[in-house]
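> Okay, sequence plus prediction incoming.
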Amino acid sequence: MKPLLIIATGVIPSKIHARLHDFPQHFRLGAGVPVDQVRTVRVFAGEALPTPQEVAGAFITGSAAMLTDRPRWSENTAGWIRTAMDVQLPLFGVCYGHQLMAHALGGQVGALQGGQEIGTHYITRQNKDDSGPVLDGLPMSFRAHLTHQQSVLEAPPTATICAHSERDPHQLLIYADQALSTQFHPEFSVALMKAYIELKRVAMVAEGQDPQAALAMVHPAPWARRLLRKFAKYCLS
């Protein structure tokens, strides 16, 4: 069986990573995939990606990097995404991965107006008819964990905008039955979301946000997390 690829575009900040692990483990556990069915490539560290034909599908993780800085590894990964789409490889981008997929496929990414969006927020679907193998059964409104400063400002012309938050109109994009991306973090746990709020407390206050209120609003987000399992099942079945 071909492995499920996790394309790591960055690492969880060291203050959090020491006790809550790194992005690939959160994706693997959230997707419910055994270790021997996963291959992780850290593109930000210069590791080479396999050809799309060598894997069953790919998650593309978040990162502290800014996509608009256009690092070489990021642009190289954008090229890989275009090749993967050409051969209809299943893809699921998250946060930076969401922005990278949109950028690779003709969208525009930039700073989110009003500062960072962080905490547990409600995501609202645009149309109940937008389904497919991963979104099937997803409620019209559901909780999800968020932390981002940049966002997709303009979706690729061939993408379908499937869901929004109060501040971001492009929280979930569908590019094909087998390819989607989310600005929200389906892999985040409650503990990880709270750790990010604590880490960004000073920046939140500077933007006029209330970290204590954000902490109080953190709740489990099972419907968002369910997307990981449905995608992995689609890839590996």
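Received it, and whenever you're ready, just let me know what you need. Numbering: from 1, shown residues only.
> least trustworthy helix or strand in the chain by mean pLDDT?
helix 14-20 (a mean of 79; mean pLDDT, DSSP states H and E).
> Measure how far it is from the centre of its chain, please.
19 Å (C-alpha atoms, centre = their mean, to the nearest Å).
> do stretch 122-132 as well
Here the centre of stretch 122-132 is set off from its chain's centre by 17 Å, with C-alpha atoms, centre = their mean.
> residues making contact with that stretch?
Stretch 122-132 has contacts (C-beta atoms under 8 Å, 6 or more residues apart in numbering) with 138-144, 160-166, 171-172, 174, 177, 180, 184, 224. All C-beta spots, glycine's among them, are computed from the backbone N, C-alpha and C.
> need the helices for this protein, in chain order.
14-20, 23-31, 72-86, 96-104, 132-135, 190-199, 201-206, 211-216, 222-236 (DSSP state H).
> Would you indicate which residues of the last one are buried?
The one in question is helix 222-236. Within helix 222-236, the residues that count as buried by 16 or more other C-beta atoms under 10 Å are 223, 224, 225, 226, 227, 228, 230, 231, 232, 234, 235, 236.
> you'd agree the second one is up against residue 186?
Yes: with contact defined as C-beta atoms under 8 Å, residue 224 counts as touching residue 186 (4.3 Å).
> dump the residue contacts of the closest residue in space to residue 210 that isn't next to it in sequence.
With sequence-adjacent residues excluded and distances taken as C-beta to C-beta, 6 or more residues apart in numbering, residue 210 is closest to residue 204, at 7.4 Å. Applying C-beta under 8 Å, 6+ apart to residue 204 gives the contacts 116, 118, 197, 210, 211, 214.
> Quick check: residue 204 vs residue 168, distance?
Computed as C-beta to C-beta, to the nearest Å, the residue 204 to residue 168 distance reads 17 Å.
> Specify the beta-bridge partners of the residue nearest the centre of the chain.
Centroid check for the chain by C-alpha atoms, centre = their mean gives residue 94 as the closest residue, at 1.0 Å. Beta-bridge partners recorded for residue 94 (DSSP bridges): residue 182.
> Verify the stated contact: it with residue 180.
No: applying C-beta under 8 Å as the test, residue 94 and residue 180 come out as separate, 9.9 Å apart.
> roughly how far apart are the residue nearest to residue 140 when sequence neighbours are not counted and residue 226?
Counting by C-beta to C-beta, 6+ apart, residue 140 lies nearest to residue 125, which is 4.9 Å off, once chain neighbours are set aside. The gap separating residue 125 from residue 226 is 14 Å, by C-beta to C-beta.
> Give the residues shared as contacts by those two.
With C-beta under 8 Å, 6+ apart as the test, residue 125 and residue 226 both reach residue 138.
> Buried residues of the least confident helix or strand of the chain, list them for me.
Within helix 14-20, the residues that count as buried by 16+ other C-beta under 10 Å are 16, 20.
> Show me what that helix packs onto, helices and strands only.
helix 190-199 (3 or more C-beta pairs under 8 Å, 6 or more residues apart in numbering; DSSP states H and E).
> quick one: low-confidence ranges for the chain?
For the chain, applying pLDDT under 70 flags no range at all.
> Pull the number of nearby residues for residue 210.
Neighbours of residue 210 under the rule other C-beta atoms under 10 Å: 12.
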